[in-house]
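S.K.: predicted structure and sequence below. I'll ask about it afterward.
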Amino acid sequence: MSLQIYNTLKREKEPFVPATPGYVGIYVCGPTVYSDPHLGHARGPIVYDVLRRWLRHQGYKVRFVSNITDVGHLTDDADEGEDKIQRRAKLERLEPMEIAEKYMWSYFDEMQALNVLRPDISPRAAGHIPEQIELTEALLERGHAYVVNGSVYFRVKSWPAFGKLSNRDIEEQEAGARVEVREEKEDPRDFALWKRAEPEHIMRWNSPWGVGFPGWHIECSAMSLKYLGDGFDIHAGGVDLQFPHHEAEIAQAEAAGHPFARYWMHHYHVLLNGQKMAKSTGNFITLAELRARYEPMYIRFYLLNSHYRSVLDFTDEGLEAAKNGYLRLLNAYREVHRLQHTAPHGRHPGLERAVEELELEFARALDDDLNTPQAIAAFFKFVTELNKALAERPGKESLARAEKVFRELGEGVLGLFPARVLENQLGGDLLDGLVKLLLEIREEARRSRNFALSDRIRERLTELGVVVEDTREGPKWKVEV
């Protein structure tokens, strides 16, 4: 089975076939950097990180582009209100670009903690003003845009295909249904490509139409075409961007004569208290707050346990359950790593079979529109069979193969076991030897009935995250992150 993607543009799953064999171009709408990222901001980056990793695992060369919006995103989608970054700059008494720098690095730091690979290119809107002006000029030349009072608007009625992504009939849209529209527009459905800058507007550039700044939508059309070319493969983002942002992107690019993205992927919201997480409403929990309570890999695991096209309602109980599930996989990985040092040479048919089944079920799951919950379920099924095999002392070669699937699929594709976690938790021979030494001392203390020392060793190990379990075969230990 080849990769099947639910293409929002077609409203169905379809086989993914890249425009250029062996190469994949992906553009993901990135953040508007005016405050610290919250949990909702992590879902898309993690989902599309897995997509990127899976394509690379399959042998594709991937160019992954995700923008940074540092100008043009107003507080209202109908070209009204204040620039979000400029408004924050006033609150913090900083330059707008200081705000953009501060929160861009905050975003990147949080993504790194979640083991999200850095984009190949992270273009910033403010750094691509010439490209946005050039695209706007092309639309003016073709009659799809008009200038009024120093602003430039896209003429929606000139492009009948507008609405094809969100399946909306633009003729049925009521003018000004959401907000009061600008009187200078020919049609209330038109949207800004370039906005004139009022005297109090700090972020401003020269243009053929006067001093101003780009509209929000034009940046993604200009930057995706610049770095991925006409008819690139995949455009992705949150479902809330489908209209008007992504519709506007398509219209701008295609009306200017550029074939645009061939596959569209949209992830759904993370809810808190039954409502979408959003900075504008204050209904959110920041990633920094969550990381103060949980290992970031619990958060990544939690988000991957729901399909990206389903709404996820965040609960502490759900995150606790994700923690326990993650630790089960991590400790299985750790045990496989540890046993290889002393295992004899040989193969275990049952373990070899379990590895093969995992590889098949994992691939089947991710090829089915990136079904990460099913891929994780395949890992849990594998761990059940692995534990049965470990009781029979499998050979070194089978253990090496089991470790390889943890490394290549668990980390390489799902991104769940980064080097930071493995170094801290697997620890190599040194950690293994030190814990064994302490457990030997503890056993000697128990045999000599020095229970105070025995209990103290166990308590200190527990404080350090090492859980000791006394069994008939002797003490066993595992690490909690």
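M.R.: Right, received. Where do you want to start? Bear in mind that the values here come from a model prediction, so they are computed numbers and not experimental data.
S.K.: okay, CA-based contacts and neighbour counts for the rest of this
M.R.: Will do.
S.K.: what's the lengthiest helix in the chain packed up against?
M.R.: Taking DSSP state H as the criterion, the chain has its longest helix at helix 316-339. Counting contacts by 3 or more C-alpha pairs under 8 Å, 6 or more residues apart in numbering; DSSP states H and E, helix 316-339 is packed against helix 296-304, helix 372-390, helix 396-405.
S.K.: the stretch 101-250 of the chain: strands as residue ranges?
M.R.: Counting by DSSP state E, counting those that start in this stretch, the stretch 101-250 of the chain has these strands, from start to end: 145-148, 151-154, 191-196, 212-214, 234-238.
S.K.: save those strands as JSON lines, and put in mean pLDDT and mean neighbour count too.
M.R.: JSON lines is the format used below for those (pLDDT from 0 to 100; neighbours: other C-alpha atoms under 10 Å):
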{"stretch": "strand 145-148", "mean pLDDT": "98", "mean neighbour count": "18"}
{"stretch": "strand 151-154", "mean pLDDT": "97", "mean neighbour count": "25"}
{"stretch": "strand 191-196", "mean pLDDT": "96", "mean neighbour count": "26"}
{"stretch": "strand 212-214", "mean pLDDT": "94", "mean neighbour count": "25"}
{"stretch": "strand 234-238", "mean pLDDT": "98", "mean neighbour count": "22"}
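S.K.: and of these, who's closest to Arg393?
M.R.: Among those, the nearest to Arg393 by C-alpha to C-alpha is strand 234-238 (46.0 Å).
S.K.: could you dump the helices and strands packed on helix 316-339 into TSV with mean neighbour count and distance to Arg446 added?
M.R.: Shown next, in TSV, are the helices and strands packed on helix 316-339 (neighbours: other C-alpha atoms under 10 Å; distance: least, C-alpha to C-alpha, whole Å):
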stretch	mean neighbour count	distance to Arg446
helix 296-304	23	36
helix 372-390	19	27
helix 396-405	20	33
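S.K.: can I get the ones you listed in CSV including distance to Pro119 and mean pLDDT?
M.R.: Rendered in CSV, the data for the helices and strands packed on helix 316-339 read as follows (distance: least, C-alpha to C-alpha, whole Å; pLDDT from 0 to 100):
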stretch, distance to Pro119, mean pLDDT
helix 296-304, 18, 97
helix 372-390, 21, 97
helix 396-405, 25, 95
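S.K.: could I get those as TSV with distance to Gln132?
M.R.: Listed next are the helices and strands packed on helix 316-339 as TSV, based on distance: least, C-alpha to C-alpha, whole Å:
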stretch	distance to Gln132
helix 296-304	35
helix 372-390	37
helix 396-405	45
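S.K.: which one, of these, ends up nearest to Met265?
M.R.: helix 372-390 (14.9 Å).
S.K.: sorry, back to before: take the strands of the stretch 101-250 of the chain and write them to JSON lines, including distance to His245.
M.R.: Below are the strands of the stretch 101-250 of the chain laid out as JSON lines (distance: least, C-alpha to C-alpha, whole Å):
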{"stretch": "strand 145-148", "distance to His245": "17"}
{"stretch": "strand 151-154", "distance to His245": "13"}
{"stretch": "strand 191-196", "distance to His245": "10"}
{"stretch": "strand 212-214", "distance to His245": "14"}
{"stretch": "strand 234-238", "distance to His245": "10"}
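S.K.: with respect to Arg309, which of those strands lies nearest?
M.R.: Across those, Arg309 has its closest neighbour in strand 234-238 (9.8 Å, C-alpha to C-alpha).
S.K.: before we move on, back to that, after the longest helix of the chain comes which helix or strand?
M.R.: The helix or strand immediately downstream of helix 316-339 is helix 349-367, counting by DSSP states H and E.
S.K.: quick check: angle from that following helix to helix 396-405?
M.R.: Using axes from the mean of the first three to the mean of the last three C-alpha atoms, to 10 degrees, the inter-axis angle of helix 349-367 relative to helix 396-405 is 10 degrees.
S.K.: what helices and strands are in contact with helix 349-367?
M.R.: Using 3+ C-alpha pairs under 8 Å, 6+ apart, helix 349-367 is in contact with helix 372-390, helix 396-405.
S.K.: looking at the ones you listed, which is nearest to Trp209?
M.R.: helix 372-390 (48.3 Å).
S.K.: show me what the closest one is in contact with.
M.R.: Residues outside helix 372-390 that contact it (C-alpha atoms under 8 Å, 6 or more residues apart in numbering): 304-307, 329, 332, 348, 350-351, 354-355, 357-358, 361-363, 365-366.
S.K.: show me where pLDDT drops low in this protein?
M.R.: Scanning the chain for pLDDT under 70 picks out 1, 72-80, 172-182, 424-432, 464-465, 472-473, 478-481.
S.K.: show me the domain layout of it.
M.R.: Per the record, the chain has its domains at 4-124+217-288, 315-412, 428-479, by automatic domain parsing.
S.K.: how far is the first one from where the chain is centred?
M.R.: In this case it means domain 4-124+217-288. 10 Å (C-alpha atoms, centre = their mean, to the nearest Å).
S.K.: what's the answer for stretch 344-364, then?
M.R.: On C-alpha atoms, centre = their mean, the centre of stretch 344-364 falls 29 Å from the chain's centre.
S.K.: show residues contacting that stretch.
M.R.: By C-alpha under 8 Å, 6+ apart, the residues outside stretch 344-364 that reach it are 1, 374-376, 378-379, 381-382, 385-386, 389, 394-398, 401-402, 405.
S.K.: what comes up buried for that stretch?
M.R.: 347-348, 351-352, 354-355, 357-359, 361-364 (16 or more other C-alpha atoms under 10 Å).
S.K.: thinking again about what came up before, closest to Lys102 out of the strands of the stretch 101-250 of the chain?
M.R.: Proximity to Lys102, assessed across the strands of the stretch 101-250 of the chain by C-alpha to C-alpha, is greatest for strand 212-214 (21.2 Å).
S.K.: same for the closest one, what does it pack against?
M.R.: Checked by 3+ C-alpha pairs under 8 Å, 6+ apart, strand 212-214 has helix 129-141, strand 191-196 packed alongside it.
S.K.: run the angle between the last one and helix 129-141 for me.
M.R.: If you take the same axes, to 10 degrees, strand 191-196 sits at 120 degrees to helix 129-141.
S.K.: ranges for the helices of the stretch 151-300 of the chain?
M.R.: Per DSSP state H, counting those that start in this stretch, the stretch 151-300 of the chain carries helices over the ranges 216-228, 247-255, 287-291, 296-304.
S.K.: same list (those helices) but as JSON lines, adding distance to Thr281.
M.R.: JSON lines is the format used below for the helices of the stretch 151-300 of the chain (distance: least, C-alpha to C-alpha, whole Å):
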{"stretch": "helix 216-228", "distance to Thr281": "21"}
{"stretch": "helix 247-255", "distance to Thr281": "25"}
{"stretch": "helix 287-291", "distance to Thr281": "17"}
{"stretch": "helix 296-304", "distance to Thr281": "22"}
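S.K.: closest to Asp49 out of these?
M.R.: Ranking the helices of the stretch 151-300 of the chain by proximity to Asp49 (C-alpha to C-alpha) places helix 296-304 first, at 10.9 Å.
S.K.: show me what that closest one is packed against.
M.R.: Counting contacts by 3+ C-alpha pairs under 8 Å, 6+ apart, helix 296-304 packs against helix 40-57, helix 316-339.
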